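*Asks:* Quick one, structure for this:
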Amino acid sequence: MKRPEQHVTADKGITQVRSAFEGFGWTVEPVTKDYGVDLNVEVFAGGETTGITFKVQVRSSESSSYSQEGTYVSEQISKPNAKYWATELRSPVVVVHADLTSGQSFWALPQLDKMILEFLEQNQAETISIHIPTAHRLSDTPQELLDSLADAETVLATRSISETTVPRFLESIEGRIGKEQVFRAFKNKSDALGIAQAEDLIKSGSLDEVIADMERASSDAKAAAENRFWAVLVLERAEVVRASRTGRTADQPLIQMSVWVRLKQVSRRGPRHLKFYALVTKLAAQLHLLTSREFMLYINDKIGRGPQEDRFWQSVLRIERARLIRAIVRKFDQCLRLVGYSVNSDSLGALPHAMLRMVMAITPFVHRLKEEDLKAAEAYIQSAFGIARLAADVALVTGDEETAGWATGHAAMVVPGGTPEIASWAEEVIKKIKDRAKQAFFTENLREALQLPARADKALTIAEEQEIYRRMAEAQGIDLADATDSIAKIVNIGIADFDPTRVLRNCQHFFVSIGSTGLPGEWLGLPTAGSKILHCTLKRHSIGGISLDRIHESFKSNFCDACKDCSPHPLGWSYTHEWQRGQNELHKNFLGSENE
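*Replies:* Alright, predicted model coming up:
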């Protein structure tokens, strides 16, 4: 049987396109089942995967149809294919035209083609002719392709955000909850575990003692499930306080994930409401991990890379952030559906405290949406507010005034500075708290929350930026405490050298410039995780290396110890990015002459 000519042409085109991608060092896998795509491509850099993948549809021809000016090649596609590529796929697809006669391939992304979107909205024809720019020659434009992929991912992320709807929870739950059942849920104190004293111990600062006691209590197989469960929650609180006191507040999502695993184990054979609580905790912890990671990438993009900006890695980070946003949208939707289900569950009374975890987890994401002025922010605000309001209503019915009070603060912090609607509601809830001391505490807490400015409006300190880089490294699986890990060593040096105050303060003639940045530094956007050069702008000496401390030791012994012109900075001087930018401008000619 003779093989159809179109199959031969298609295979030739796929081979041609595959060769171009592999020429970049990227990997290509064929799609065995035809779902409108032919290849899966994974982007690599320096032999290491970036984690970025995308789909490719190859169109092959031995008689390509070019425009008269030669600026584009036309490709006919069916309306169903156009709709699938441009509006239905949840990840970008790259359409590549392979001209088998010239051996050239050209690419386009349907998600970014306004002509396709207009065609789908207005035209009744069954096919459309798309224009693939010849300027997008595949072999020459890998960076432009990555830039367009980042744009397409952003379009998809924005689309997923805009599809968010505001759920309608029951306005009132009065009479739907059996109080006795609720009180049994978390107030079983039959075992003398010392849990009641845990909060006092936390306040007194004896965190190690609390953590050790709660570890034992939660592991006691003979104790009641409720007490073991509550011990895990107290353990979580102690670990969060310890992380806060040691400047590692970004550890909270990881602590929450660890807590969920423990709650799942403790509630495996326990009552239904504990299992439900553990499930809510799981989704909230997963959401918090996603929003924290997205926040790190947002800050990384915000602080930029200055003169060391790398377009390739900026595109990679944009793509990853867009994909994280879509993952956040999906996870928050799961949270909302679970909350909606809980309204009609007999476990509702045990869940207010757990629900507030969802509010706390989505809050950083809402702040990003507000700052970027996305209209969908309002839907997220109302959804988070709805969860907090439901939690407070349930808590008040069951007599849990503390959780009701915390719900007001959580709701107020969803929007930096609060809103009149949230403020009015929160004040009414606090008035219903009968305990005068608690009422006063939550009134003050609300006042502070309503005056809280948007965190992103504050300038980040060098120390805060260093902490962000630590969290980003750990999120990528880099164990910064592992002294045998060469990557961890480079990252630790880069984080330390991000603040060169300790070296530069020794002489006003010192100036540091950045050399090449290694792969870990490129991935994290940490320009100091690589080579640095220390300069004396007066005597025109220079020494380079990886560690600024080592460079300074060599510089000092070779030049500084015998120098009579050393001029230290004034006491209390510290490095700033503004100072560095000024020095870059001041010494650009000096650096240029050194490189000649």
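
*Asks:* ok, and the helix or strand in this protein with the lowest average confidence?
*Replies:* helix 179-186 (a mean of 48; mean pLDDT, DSSP states H and E).

*Asks:* I'd like to know how many residues surround Gln508.
*Replies:* 16 (other Cβ atoms under 10 Å). Where C-beta positions appear, they are placed from N, C-alpha and C, glycine not excepted.

*Asks:* before we move on, what SS does Leu374 have?
*Replies:* coil (DSSP: H, G, I helix; E, B strand; the rest coil).

*Asks:* Need the nearest residue in space to it, chain neighbours excluded.
*Replies:* Ile161 (6.4 Å; Cβ to Cβ, 6 or more residues apart in numbering).

*Asks:* isn't that neighbour right next to Ile325, touching?
*Replies:* Yes: judged on Cβ atoms under 8 Å, Ile161 makes contact with Ile325 at a distance of 6.7 Å.

*Asks:* Check the offset of the strand ranked longest in the chain from the chain's centre.
*Replies:* For the chain, the strand reaching the highest residue count under DSSP state E is reported as strand 48-61. Offset of strand 48-61 from its chain centre (Cα atoms, centre = their mean, to the nearest Å): 24 Å.

*Asks:* got it, and stretch 398-405?
*Replies:* On Cα atoms, centre = their mean, the centre of stretch 398-405 falls 32 Å from the chain's centre.

*Asks:* Tell me the buried residues in it?
*Replies:* For stretch 398-405, a neighbour-count test (16 or more other Cβ atoms under 10 Å) marks 398, 400-405 as buried.

*Asks:* again with stretch 14-23
*Replies:* For stretch 14-23, by 16+ other Cβ under 10 Å, it's 14, 16-18, 20-21.

*Asks:* got a list of what Phe119 touches?
*Replies:* 79, 82, 125, 128 (Cβ atoms under 8 Å, 6 or more residues apart in numbering).

*Asks:* most surrounded residue in the residues you listed?
*Replies:* Ala82 (22 neighbours).

*Asks:* Next up, the contacts around that residue.
*Replies:* Contacts of Ala82 (Cβ under 8 Å, 6+ apart): 110, 116, 119-120, 128, 130.

*Asks:* List the ones among those residues that fall in strands.
*Replies:* 128, 130.

*Asks:* Out of the contacts of Ala82, the closest to Gln508 would be?
*Replies:* For the contacts of Ala82, the residue nearest Gln508 by Cβ to Cβ is Pro110; the value is 56.7 Å.

*Asks:* Now the closest residue to that closest one other than its chain neighbours, what are its backbone angles?
*Replies:* Excluding its sequence neighbours, the residue lying closest to Pro110 (Cβ to Cβ, 6+ apart) is Trp85, at 3.9 Å. Torsion angles at Trp85 (phi, psi; degrees, to the nearest 10) stand at phi -70, psi -50.

*Asks:* So Trp85 is in contact with Gln111, correct?
*Replies:* Yes: with contact defined as Cβ under 8 Å, Trp85 counts as touching Gln111 (7.3 Å).

*Asks:* Could you tell me which residues touch both of the two?
*Replies:* Val93.

*Asks:* quick revisit: would you list the contacts of Ala82 in CSV and tack on distance to Leu369 and pLDDT?
*Replies:* Below are the contacts of Ala82 laid out as CSV (distance: Cβ to Cβ, whole Å; pLDDT from 0 to 100):
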residue, distance to Leu369, pLDDT
Pro110, 26, 84
Ile116, 27, 80
Phe119, 31, 78
Leu120, 27, 76
Ile128, 34, 81
Ile130, 32, 85
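
*Asks:* hmm, which two among the contacts of Ala82 are most spread apart?
*Replies:* Leu120 and Ile130 (11.9 Å).

*Asks:* Show me where the stretch 51-200 of the chain dips below the pLDDT cut-off.
*Replies:* 123, 168-200 (pLDDT under 70).

*Asks:* roughly how far apart are Leu263 and Thr281?
*Replies:* 6 Å (Cβ to Cβ, to the nearest Å).

*Asks:* Under the pLDDT cut-off, which ranges of the stretch 251-400 of the chain? List them.
*Replies:* 300-310, 373.

*Asks:* State the helix or strand in which Ser105 lies.
*Replies:* Ser105 belongs to strand 104-108 when assigned by DSSP states H and E.

*Asks:* Render the CA-only coordinates of that strand in PDB, please.
*Replies:* This file holds the C-alpha atoms of strand 104-108, laid out as PDB (Å, rounded to 0.1, in the frame of the first residue of the first chain):
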ATOM      1  CA  GLN A 104      12.700  27.500   6.900                       C
ATOM      2  CA  SER A 105      10.100  27.300   9.700                       C
ATOM      3  CA  PHE A 106       8.000  30.200  11.000                       C
ATOM      4  CA  TRP A 107       5.900  30.400  14.200                       C
ATOM      5  CA  ALA A 108       2.800  32.200  15.700                       C
END
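
*Asks:* list the helices and strands that strand packs on?
*Replies:* When contacts are defined as 3 or more Cβ pairs under 8 Å, 6 or more residues apart in numbering; DSSP states H and E, strand 104-108 sits against helix 5-23, strand 93-99, strand 127-133.

*Asks:* quick one: which helix or strand includes the closest residue to Lys282 other than its chain neighbours?
*Replies:* Distance criterion Cβ to Cβ, 6+ apart; nearest residue to Lys282, sequence neighbours excluded, is Trp260 at 4.5 Å. Here Trp260 sits within helix 252-267, counting by DSSP H and E.

*Asks:* any idea which helix or strand comes after that helix?
*Replies:* Following helix 252-267 in sequence, per DSSP H and E, is helix 272-303.

*Asks:* Who are the packing partners of that next one?
*Replies:* helix 225-245, helix 252-267, helix 311-343, helix 352-371, helix 462-475.

*Asks:* which parts of it are buried?
*Replies:* So, applying 16+ other Cβ under 10 Å, buried residues of helix 272-303: 273-300.

*Asks:* returning to that earlier point: from Lys370, how far out is the residue nearest to Leu374?
*Replies:* 12 Å.

*Asks:* Report the separation between Lys275 and Trp260.
*Replies:* Counting by Cβ to Cβ, the gap from Lys275 to Trp260 is 12 Å.

*Asks:* contact partners of the longest strand of the chain?
*Replies:* Here strand 48-61 has contacts from 9-10, 12-14, 16-17, 21, 31, 36-44, 75, 85, 89, 91-100, 146, 149, 316, 319-320, 519, 523, using Cβ under 8 Å, 6+ apart.

*Asks:* still on that earlier bit, out of the contacts of Phe119, which comes closest to Gln252?
*Replies:* Ala82 (44.9 Å).
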